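Colleague: With the input below, show me the fold.
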Amino acid sequence: MSLKKKLIVLNTTIMLGLGSAFAIPSVKAESITDIQSQRTGIQSDISEAEQVIQQLKKEQSKMNAQIAQIESAMKENDQKIKDTKQEINDTEKDIESLKKEIKALEERIAKREEVLKERALSFQESGGDVEYLEVVLGSKSFGEFVNRVGAVATIVEADQQILSEQEADKADLEKKQATVEKKLQSLKDMEVELKGMQSQIEDQKAETVNMKAKIEKKESETEALKQSLENKDAGLEAQIASIRENIKKEEERKASEKADLDRAAEEVNSSNASSEGSSSSSSEGSSSSSSEESSSSSKGEASVKSSSKAESSSNSSKNSSDKPAAASKPAASKTVTSSKPSSANTGSAITAGYKYIGNSTYKFGGGRSASDIANGLFDCSAFVAWAYKQAGVNLPASTDALKNAGRQVSDSQKQPGDLVFFNTYKTDGHVGIYVGGGKFIGSQSSTGVAIANMDSGYWAGVYNGRVVRVN
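Modeller: Numbering: from 1, shown residues only. You can find the predicted model right below:
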C-alpha cells in the first residue's frame, strides 16, 4: 500500500473514531436530562407528601390533646356521679333514720292525745256540763258553743305544755320530712343530668377517636406514597450514576483509541521522513507530492478535531441551559363573612368565644374557675356568661336564670347576640348565643365550643323557640 493510501485510511479512521467518541456521550447526556427532569417532578411530589404528613401529624397531636381533655372531663364527671350516688345513699339513710324519728313522734303524739282525752273525760266527770264528744264533733247551738269554748279553754289552760310540745313535734316532723325529700329529689335530678352529660361526652370521645383513626390511616397511606416516591427517585439517581459511569468508560476507551491512532500517525510520519532521506532516486516532485499529501492529512485531522470540539461545546451549552423553571403558585385568598351584631356588646360577646372553637371541651359544671377557662372547659350556660362578661355584661351561669336575664322576643325577631334555648335532656336544657344566618355559638357536649346550625339537623329538632334579648 502506498504512503498516500495509508494516510487516507489513517485520517478516515481518526475521523470515525473521534466522531463516535463524542456522539455517544451526547446521546447519553440527553438521557440524563430526561431522567433529571423526572427526578425533579418526583422530588416535588415527595416535598408535597412531607407537607401533608406534617399537617396530619399536627392534626393528630391536636386530636390527642382533645382526647386527653375529654378523658379528663369524663374522669371528673365520673367522680361527680360517684359523689352524687354517695350523697343519695347518705340521704336515703337519713330518710330511714327520719322515719324512725317520725314513728317515735307519732307514738308520743298518740300518747299525748290519750292524756288529753283522759283529761277531757276527767273534766266531764268532775262536773263539767260539756261532753267530750261534743267538744270533738262541734256545737249544735250558740249556747253549746259557749260551753264548749269554756271547756276547751279549761283544757288548754291545764294542758298548755302538752299542746305546745305536740305542735312543736308536728312542725319539726314536717320540716325534716320536707327538707330531706327536697334534698333527695335534687340529688336524683343531678344524677340524671350527670349521666346524660357523661353519655354525650362518651359519644364525643368515640367520634374523636374515630377521626384520629382516619387521620392515622391517611398518614400511613401518605408515608407509603412518600416511600414509593423516594424509592423511585433513588432508582433514577442510580440510573443517572450508571449512565455517567458508562459515559466515563466510553470516553476513556475512545481516548485510548485516539492515543493509539495518534501513535500510528507518528509512526507513519517517521516512516515517511526516513523514506525521504534514504531514497535518492525519488524525484523532488514525488517528495513534494508526498509533503502536500502529508500536509493535507494534517489539515484534515485538525479540521476533525475542531469540528469535534465545536460539537462538544454545543452539547455542553445545551445541557447547561436545559434546566426546568420552577412554577409558582399564587396564594389562595379567603373571604370571611359574619353577621352584623345587634350592638357593640353583643358583637363582643359573639366574637369572644371564637378562640375556643376547635380548642375546647364540654365539661359539666365547667367554666366557673380560672383553670377551666384557661383550658377551654365550659358547660353551655357558663360559656354564655363568660362570653358576655368579656363584653362587660354580667349574666348568671345557669340556664334557668338565663331565661330571665333579659326580655323574651319572638323567634322571627331574633338578632345576633340573643340567647336561644333548646330542649335537650330537659326543657331549656341547653343555651347558646345566636350569631345570625340560622346559627348559634355555644359549648356543646359533642364538640365543645362551636358554631352550630339550628335550622337543620339535631339542633333544629330540639330548638324550642325561646329567645331572650339581654338587657
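Colleague: Now do the buried residues in the one helix or strand Asn464 maps to.
Modeller: In the assignment (DSSP states H and E), Asn464 maps to strand 463-470. Neighbour-count burial for strand 463-470, counted by 16 or more other CB atoms under 10 Å, picks out 463, 466-470. Where C-beta positions appear, they are placed from N, C-alpha and C, glycine not excepted.
Colleague: For the stretch 51-200 of the chain, which segments count as helices?
Modeller: 132-137, 142-158, 160-278 (DSSP state H, counting those that start in this stretch).
Colleague: same for the helix or strand encompassing Gly442, what does it pack against?
Modeller: Per DSSP H and E, Gly442 falls inside strand 439-444. Judged by 3 or more CB pairs under 8 Å, 6 or more residues apart in numbering; DSSP states H and E, strand 439-444 is in contact with helix 380-390, strand 430-436, strand 448-453.
Colleague: contacting residues for Ala352?
Modeller: Residues in contact with Ala352 (CB atoms under 8 Å, 6 or more residues apart in numbering) are 386-387, 390-391.
Colleague: Looking at neighbours, which among those is most surrounded?
Modeller: Ala387 (29 neighbours; other CB atoms under 10 Å).
Colleague: Of all the helices and strands packed on strand 439-444, which one is nearest Ile357?
Modeller: strand 448-453 (5.6 Å; CB to CB).
Colleague: What average pLDDT does the closest one get?
Modeller: Per-region confidence: strand 448-453 scores 94 on mean pLDDT.
Colleague: Strand partners (parallel or antiparallel) of that strand?
Modeller: strand 439-444 (antiparallel) (DSSP bridges).
Colleague: The strand it pairs with vs helix 380-390, what angle?
Modeller: 120 degrees (axes from the mean of the first three to the mean of the last three CA atoms, to 10 degrees).
Colleague: Strand 439-444: which residues count as buried?
Modeller: 439-444.
Colleague: Of all pairs in these, which one spans the longest distance?
Modeller: Pairwise across those, and taking CB to CB, the largest span is found between Lys439 and Ser443, at 14.8 Å.
Colleague: measure Val209 to Tyr458 for me?
Modeller: Separation of Val209 from Tyr458 (CB to CB, to the nearest Å): 20 Å.
Colleague: ignore the last one, Lys57
Modeller: 32 Å.
Colleague: do the same with Cys380
Modeller: Remark: distance between Cys380 and Tyr458 (CB to CB) = 14 Å.
Colleague: correct me, but Thr427 touches Asn464?
Modeller: Yes. In this structure Thr427 lies within contact range of Asn464 using CB atoms under 8 Å: 7.2 Å.
Colleague: Of all the helices and strands packed on strand 439-444, which one is nearest Ile35?
Modeller: Taking CB to CB, strand 448-453 is the member of the helices and strands packed on strand 439-444 nearest to Ile35, at 50.8 Å.
Colleague: The closest one versus strand 430-436: what angle between them?
Modeller: Using the same axes, to 10 degrees: strand 448-453 against strand 430-436 is 50 degrees.
Colleague: and strand 448-453, which residues are buried?
Modeller: Counting neighbours by 16+ other CB under 10 Å, the buried set in strand 448-453 is 448-452.
Colleague: Run through who's touching it.
Modeller: 66, 204, 353, 356-362, 376, 378, 383, 432, 435, 438-444, 459-460.
Colleague: Helix 160-278 and that strand, what's the angle between them?
Modeller: Going by the same axes, to 10 degrees, strand 448-453 makes 90 degrees with helix 160-278.
Colleague: Where does the prediction get shaky in the stretch 101-250 of the chain?
Modeller: Within the stretch 101-250 of the chain, the segments meeting pLDDT under 70 span 119-120, 123-159.
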